[in-house]
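**Q** One predicted model, sequence on top.
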Amino acid sequence: MEKSKEAKVHKKIEESYVSFYKSIVDQDRAAIVICNLKHEIIYMNPAAVQSYEKRGGDKLIGKSLLDCHNAESNEKIQRVVAWFAEDESHNIVYTFHNEKQNKDVYMVALRDSGKLIGYYEKHEYRDAEIMQLYDLW
C-alpha cells in the first residue's frame with residue numbers, strides 16, 4: 001500500500017476510536033469536565049452538563065474553569081497542573097470529598113504519548129449500587 005493511502009487508512013482508524021472513547025465518557029454517570037492546559041473547558045459529559053445546569057450547563061464549554069472557582073481553588077488547580085507537568089508518573093490527585101453527596105473528586109492528567117495535554121475532573125460517588133445484578137428483564 002502506498003504511503004499516502006496507508007496514512008489515510010491509519011487516520012480513519014484513529015478517528016473511529018474517538019467514538020469509542022467519547023462513548024465511554026458519555027456513559028459515565030459521574031460528572032467529567034475536560035480542560036486543556038489553558039484551563040478552558042473543552043468537554044463536559046452529559047452527567048456534568050446536568051450537574052452544573054444551575055451554573056450554565058453546556059454553556060460553560062469554552063469558558064475558563066478558573067472563572068468557576070475562588071482564588072484559593074484556582075491556586076490549587078494551577079499547582080496540580082504544574083505537578084502533572086513535572087513528571088509523566090504524576091497523573092492523579094485527590095482534591096475534595098463532598099460529605100453531603102458522599103463523593104470524592106479527583107484531578108486526572110490527560111497525556112498524548114507522555115506529553116501533558118490537559119486534565120479532567122472526575123467525581124466518584126461512594127454510595128452502594130442500588131441497581132439489581134444483571135437486571136435485564
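**A** Done, it's in.

**Q** in the chain, which helix or strand is least confident?
**A** Across the helices and strands of the chain, mean pLDDT, DSSP states H and E gives its lowest value to helix 3-27, namely a mean of 79.

**Q** can you pull the contacts of residue 125?
**A** By C-beta atoms under 8 Å, 6 or more residues apart in numbering, the contact list for residue 125 reads 29-30, 101-103. All C-beta spots, glycine's among them, are computed from the backbone N, C-alpha and C.

**Q** Without its sequence neighbours, what residue ends up closest to the spatially most central residue of the chain?
**A** Centroid check for the chain by C-alpha atoms, centre = their mean gives residue 120 as the closest residue, at 3.2 Å. Closest residue to residue 120 apart from its sequence neighbours, by C-beta to C-beta, 6 or more residues apart in numbering: residue 34 at 4.5 Å.

**Q** go on, residue 38?
**A** residue 64 (7.6 Å).

**Q** That neighbour touches residue 39, doesn't it?
**A** Yes - applying C-beta atoms under 8 Å as the test, residue 64 and residue 39 come out as touching, 5.2 Å apart.

**Q** Great, nothing more from me.
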